[in-house]
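Undergrad: Have a look at this prediction, sequence included:
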Amino acid sequence: MHQFSAKKRHQARLYAMQALYSWHVASLNISEIEDTFLTGQNKSKFDVSYFVKLLHDIPSKITEIHALIIPYLKDREISDLGPIELSILRIAAYELKYHNDEIPYKVAINEAIELAKMFGADDSHLFVNGVLDPLAKELLTLIPQKS
C-alpha cells in the first residue's frame, strides 16, 4: 500500500465521479475519457493512480457493483437514479467491496455523502447514506475477522 494524502484521494474520487458521469451519460470510451481528463488536470493535486484505478475498475465490475447497490434502493430502479448519484454510489460501493482493507467504511460513506452534497440534488446525500450504510453493514459481516 502506498501513502497518499486524504485531500489527493478526495480529489481523485471527485474527478472519477465526473469521468464516470461522462462515461454513463455520453457512453464515451473509458480510455478516451482518461486521456481527455488527465490532459486538463494538474496531476500533482490528486492521486492519479487511484483515479485511473476507479475509472477502469468500476466499469469492468459494473454488474457486481450494481448487484451490491440494488437491494438498498428500496422502491427505486437503478435506471431511475440520476447520473450523479449513480456515479457516487458506484464509487462508494466499489470502495466498500474491493478496498475495505485500505479504506475504512466510514471514510467511503463520508466521501460519498460529501460528493452528493456538492454535486447532487437536494437531499441526495440522505439517499446516498441510506443506500451505503446498510450495504457497508452487510459487507462488514462478510469480512473474515482477524484473530
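TA: Done, it's in. Numbers count the residues shown, from 1 in each chain.

Undergrad: Dihedrals phi and psi, the nearest residue to Tyr105 once chain neighbours are set aside?
TA: Leaving out its chain neighbours, the residue that sits closest to Tyr105 by CB to CB, 6 or more residues apart in numbering is Ala136, at 4.2 Å. All C-beta atoms are positioned from the backbone trio N, CA, C, and that covers glycine. Backbone dihedrals for Ala136, given as degrees, to the nearest 10, come out at phi -60, psi -40.

Undergrad: Same check on Asn42?
TA: phi -80, psi 110.

Undergrad: what number of residues lie near it?
TA: 7 (other CB atoms under 10 Å).

Undergrad: could you say what helices and strands the lowest-mean-pLDDT helix or strand in the chain packs with?
TA: In the chain, no helix or strand scores lower on mean pLDDT, DSSP states H and E than helix 30-39, which sits at a mean of 89. Other elements packing on helix 30-39 under the criterion 3 or more CB pairs under 8 Å, 6 or more residues apart in numbering; DSSP states H and E are helix 6-26, helix 48-60.

Undergrad: Tell me which of these lies nearest to Ile113.
TA: Closest to Ile113 of those is helix 6-26 (CB to CB; 11.7 Å).
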